[in-house]
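Q: The following comprises the amino acid sequence and a computationally predicted model.
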Amino acid sequence: MSTAPETPSGGRVALVTGGNRGIGRAIAARLLADGYRVAATSRNGDVPEGVLGVPCDITDQEQVEAAFATIEKELGPVEVLVANAGITRDTLLMRMKDDDWDAVIDTNLTGTFRVVRRASRGMMKARFGRIVLISSVVGLLGSAGQVNYAASKSGLVGMARSVARELGSRGVTANVVAPGFISTDMTDSLSDDLVAKYNAQIPVGHLGAVDDIANAVAFLAGDGAGYISGAVLPVDGGLGMGH
């Protein structure tokens, strides 16, 4: 069940998918702090206090429709969409099963398409919208063992740029944030040797923080970024420069 938050009544309505942990949770918390009325979807798990939590599996169109109906009833039409929800099923190409490919593409790419399509209805009517898709440096550089994930994250760039061209005249921008190696619960479990190896590849010499991504999203969602659309903003410490 959704939980009604205590949020400011005047801020724009923002939706963050996958907002229960890691990068998504940090983005939801940052937008809330900035005065947005924030909803966050997830398959399970809690969301930051003050955020409207809405259960939703973005691979299911009916659940997407139901989630948006709840958000529109509780907060109003979505004006800022941050499509963050994603999964990994890493394995080498020759070992990758069709199910591994299908699950990642359906969540990361097709699921994102579903929420973008649904959010665009209200944005076009209001003649205002901010769409931010969370990709990855892997989508630009590639990564052994992540053919499915890299393909899905690369696809978000083409999606955002097509949406930017299609909806730009309606006051809607669409941009991509491409995180690099970010310190999360997942990376916290890595060995010190592996983290050191990653750090050696990153020009600034260390992993990023979830707040680094939240800061970038907050900028693109704000009024100051109204003339930025179809851009890919790397937040990777220089790892993917030139791509």
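A: Great, that's in hand.
Q: Backbone dihedrals for the nearest residue to residue 215 once chain neighbours are set aside, both of them.
A: Leaving aside its sequence neighbours, residue 215 sits nearest to residue 30 (C-beta to C-beta, 6 or more residues apart in numbering; 7.2 Å). Heads up, the C-betas are built off the backbone N, CA and C, glycines and all. The phi/psi pair for residue 30 (degrees, to the nearest 10) reads phi -70, psi -50.
Q: What is the burial count for residue 30?
A: By the measure other C-beta atoms under 10 Å, the count of residues near residue 30 is 23.
Q: Could you give the average pLDDT over the helix or strand hosting residue 39?
A: Under the criterion of DSSP states H and E, residue 39 resides in strand 37-42. Strand 37-42 carries an average pLDDT of 97.
Q: Longest helix in the chain, please.
A: In the chain, taking DSSP state H as the definition, the longest helix is helix 147-167.
Q: Worst mean pLDDT across the helices and strands of the protein, which element?
A: Counting by mean pLDDT, DSSP states H and E, the chain has its least confident helix or strand at helix 185-188, which shows a mean of 73.
Q: For that helix, which helices and strands make contact with it?
A: Helices and strands touching helix 185-188, as assessed by 3 or more C-beta pairs under 8 Å, 6 or more residues apart in numbering; DSSP states H and E, are absent.
Q: So which bits of the strand holding residue 39 are buried?
A: The neighbour-count check on strand 37-42 (16 or more other C-beta atoms under 10 Å) flags 37, 38, 39, 40, 41, 42 as buried.
Q: Could you do stretch 162-177 as well?
A: Within stretch 162-177, the residues scored as buried using 16+ other C-beta under 10 Å are 163, 164, 167, 172, 173, 174, 175, 176, 177.
Q: same check, this time on stretch 113-121
A: For stretch 113-121, the neighbour count (16+ other C-beta under 10 Å) marks 114, 115, 116, 118, 119, 120 as buried.
Q: what comes into contact with it?
A: 15, 17, 58, 61, 64-65, 68, 78, 81, 83, 129, 131, 133, 159, 163, 167, 172, 174 (C-beta atoms under 8 Å, 6 or more residues apart in numbering).
Q: if we can go back for a sec, please name the residues that touch the residue nearest to residue 215.
A: Counting by C-beta under 8 Å, 6+ apart, residue 30 touches 211, 214, 215, 217, 218.
Q: How much space separates the residue nearest the centre of the chain from residue 206?
A: Nearest residue to the geometric centre of the chain (C-alpha atoms, centre = their mean): residue 84, 2.1 Å. Distance of residue 84 to residue 206, given as C-beta to C-beta, to the nearest Å: 23 Å.
Q: tell me the average confidence for stretch 166-175?
A: 98.
Q: can you give me the helices in the chain?
A: Going by DSSP H, the chain shows helices at 22-33, 61-74, 98-104, 112-126, 138-141, 147-167, 185-188, 192-201, 210-221.
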